[in-house]
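J.: Sequence and predicted structure below; questions after.
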Amino acid sequence: MTVDAPAAAEARHANQRLFSDHYLDVRLPARPEWSALTVEAEPVRRAIGEVLGSYTPSANEAQTEDGLIKPVLRLLGHVFEVQAKLATPDGVRPPDYVLYRDAAALAENRGQRLSDERLAGRGLAVADAKFWVRPLDVALRVRGGDAFTNRNPSYQIAFYMQHSGLDWGILTNGRLWRLYHRDTAHKLDRFYQVDLAAAVRAEDPAGFLYFYAFFRRAAFDAGPLGLGALLAASTDYARCVSDSLKRQVYDALRHIAQGFLDHPANGLAVDGARLPEIYDHSLRVLYRLLFLLYAEAGGLLPVRDNAAYGEVYGLKAVKEAVARDLDAGRRPLAGTAVLWSRLVALFGIIDTGSAELGVPAYNGGLFAAKTHPFLAAHAVGDAHLQRAIDKLARVD
């Protein structure tokens with residue numbers, strides 16, 4: 001399995017560390033109940049498409065709610081109370097919506113001052129709505145009005161979740177729909193997001209499932225595709241991958257160190273004086289590779305935005321070539337260091353930057369060539385470097 005997610009799947013959602021990306025993009029679509037949901041979701045997709053088609057974008061929050069958000073919530077099967085009275089240490093604060101288990105649960109709480117006790121067993125989630133495409137991560141700089149209403153919407157939904165005691169929160173500006181979980185909502189940057197307009201337009205019907213499956217009424221029930229079950233399965237999967245990767249990182253470090261020792265041109269002797277130096281520089285190479293893997297996966301380096309970087313210079317191109325060679329049984333010639341030459345060129349690009357490749361200079365010192373003459377004078381042989389890169393890039 002590769003650590004990278006398929007590009008087509010990336011467009012379906014913008015998961016921000018709430019779930020495991022690989023679980024969402026690869027494991028989840030392989031489950032039979034996920035595929036079966038396509039038939040159920042299709043009429044909802046068409047109905048929401050009609051709502052979007054008739055909606056006129058507005059910077060008025062009430063118009064966005066009436067013309068778009070409330071109809072979408074109803075099409076998803078939700079029962080909700082608008083502007084409920086939620087008791088908080090700052091007084092009564094009204095989340096735009098409290099989503100309920102059913103109409104009977106709503107009737108029990110209608111008009112009451114809500115607390116976590118009153119919502120326990122009745123409420124499913126709190127939801128907050130903003131005007132069409134209003135930024136969801138920044139406060140508004142406007143004069144007058146309620147200062148709380150103008151705050152960062154991510155903070156607001158976390159506040160409502162904290163004092164409602166509910167596990168889930170939904171934040172939307174009509175187009176973007178976000179899902180937050182109680183355990184991580186306070187961090188503000190942990191959420192699952194879908195562009196509803198893009199999901200409805202998706203030519204692949206399965207693309208809409210990344211909205212429907214996570215925001216429909218049934219998602220808040222227990223079951224194989226319930227949010228609680230999905231989060232637990234995703235977390236368990238990520239933990240298993242993390243444990244496997246941790247073991248492979250140590251293997252990668254061993255291959256790098258052995259690659260320095262075995263490469264004939266280095267002329268390194270196995271003695272007590274040189275081994276600490278080899279170990280220290282092997283760690284630095286490992287840290288560089290991990291930094292590059294993280295930066296490329298997170299879009300911090302132009303893997304997709306610059307063809308030359310993505311297809312020629314980047315670590316993604318290197319690791320994919322390594323995987324192809326290993327899978328085909330192709331082994332490098334003894335005594336060669338071609339892979340190391342490619343990495344040295346990439347390290348230089350990160351160190352000094354490249355306007356042509358769209359890479360800014362990294363000034364943290366990790367890639368600085370002048371302060372690490374050992375790496376300029378010695379190479380990791382291809383046979384071990386091939387294995388090290390693959391250990392970091394693929395998890396069994």
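T.: Thanks, I have the structure now.

J.: For the lengthiest helix in the chain, what is the distance to the chain centroid?
T.: In the chain, with assignment by DSSP state H, the single longest helix is helix 227-262. Remark: helix 227-262 is offset 18 Å from the chain centroid, using Cα atoms, centre = their mean, to the nearest Å.

J.: name the helices or strands packed onto it?
T.: Here helix 227-262 is seen to pack against helix 275-297, helix 382-393 when contacts are counted using 3 or more Cβ pairs under 8 Å, 6 or more residues apart in numbering; DSSP states H and E. Every C-beta, even on glycine, is put in place using the N, C-alpha and C of the backbone.

J.: what's the first one packed up against?
T.: The reference is to helix 275-297. helix 227-262, helix 315-327, helix 338-352, helix 373-377, helix 382-393.

J.: ok so, going back, let me see the mean pLDDT of the longest helix of the chain.
T.: The pLDDT scores in helix 227-262 average 89.

J.: before we move on, what about stretch 370-380?
T.: Across stretch 370-380, pLDDT averages out at 92.

J.: Repeat that for stretch 20-36.
T.: Averaged over stretch 20-36, pLDDT sits at 90.

J.: buried residues in that stretch?
T.: Buried residues in stretch 20-36, counting neighbours by 16 or more other Cβ atoms under 10 Å, are found at 20, 21, 22, 23, 24, 25, 26, 28, 34.

J.: Repeat that for stretch 311-330.
T.: 313, 314, 315, 316, 317, 318, 319, 322, 323, 325.

J.: Stretch 74-87 now?
T.: By 16+ other Cβ under 10 Å, the buried positions in stretch 74-87 come out as 75, 76, 78, 79, 80, 81, 84, 85, 86, 87.

J.: repeat for stretch 360-378
T.: Neighbour-count burial for stretch 360-378, counted by 16+ other Cβ under 10 Å, picks out 362, 367, 372, 375, 378.

J.: Counting neighbours, what do you get for the nearest residue in space to residue 278 that is not next to it in sequence?
T.: Take residue 278 and drop its neighbours on the chain: the residue closest to it by Cβ to Cβ, 6 or more residues apart in numbering is residue 260, 5.2 Å away. The tally of other residues near residue 260 (other Cβ atoms under 10 Å) stands at 25.

J.: what's near enough to touch residue 260?
T.: Residues near residue 260 by Cβ atoms under 8 Å, 6 or more residues apart in numbering: 266, 268, 278, 281, 282, 378, 379, 380.

J.: any idea how far residue 124 is from residue 80?
T.: Counting by Cβ to Cβ, to the nearest Å, the gap from residue 80 to residue 124 is 9 Å.

J.: anything in contact with each of the two?
T.: Residues touching both residue 80 and residue 124 (Cβ under 8 Å, 6+ apart): 99, 100.

J.: Would you map the helices across the stretch 51-200 of the chain?
T.: Secondary structure of the stretch 51-200 of the chain (DSSP state H, counting those that start in this stretch): helices located at 61-64, 70-75, 103-109, 116-119, 153-164, 196-201.

J.: Could I get the buried residue list for the first one?
T.: Meaning helix 61-64. Those would be 61, 63, 64, for helix 61-64 by 16+ other Cβ under 10 Å.

J.: which residues touch the residue nearest to the first one when sequence neighbours are not counted?
T.: Take residue 61 and drop its neighbours on the chain: the residue closest to it by Cβ to Cβ, 6+ apart is residue 131, 4.4 Å away. Residue 131 makes contact with 58, 59, 60, 61, 63, 64, 173, 174, according to Cβ under 8 Å, 6+ apart.

J.: Could you let me know which of those residues ends up closest to residue 394?
T.: Taking Cβ to Cβ as the measure, residue 394 lies nearest residue 173 of these, at 38.1 Å.

J.: Let me know whether the closest one touches residue 64 as I believe.
T.: Yes. Under the criterion of Cβ atoms under 8 Å, residue 173 makes contact with residue 64 at 7.4 Å.

J.: list residues touching both of these two?
T.: Common contacts of residue 173 and residue 64, defined by Cβ under 8 Å, 6+ apart, comprise 129, 130, 131, 132.

J.: These into CSV, with extra columns for pLDDT and distance to residue 301?
T.: Formatted as CSV, those follow (pLDDT from 0 to 100; distance: Cβ to Cβ, whole Å):
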residue, pLDDT, distance to residue 301
129, 96, 36
130, 95, 32
131, 95, 35
132, 95, 33
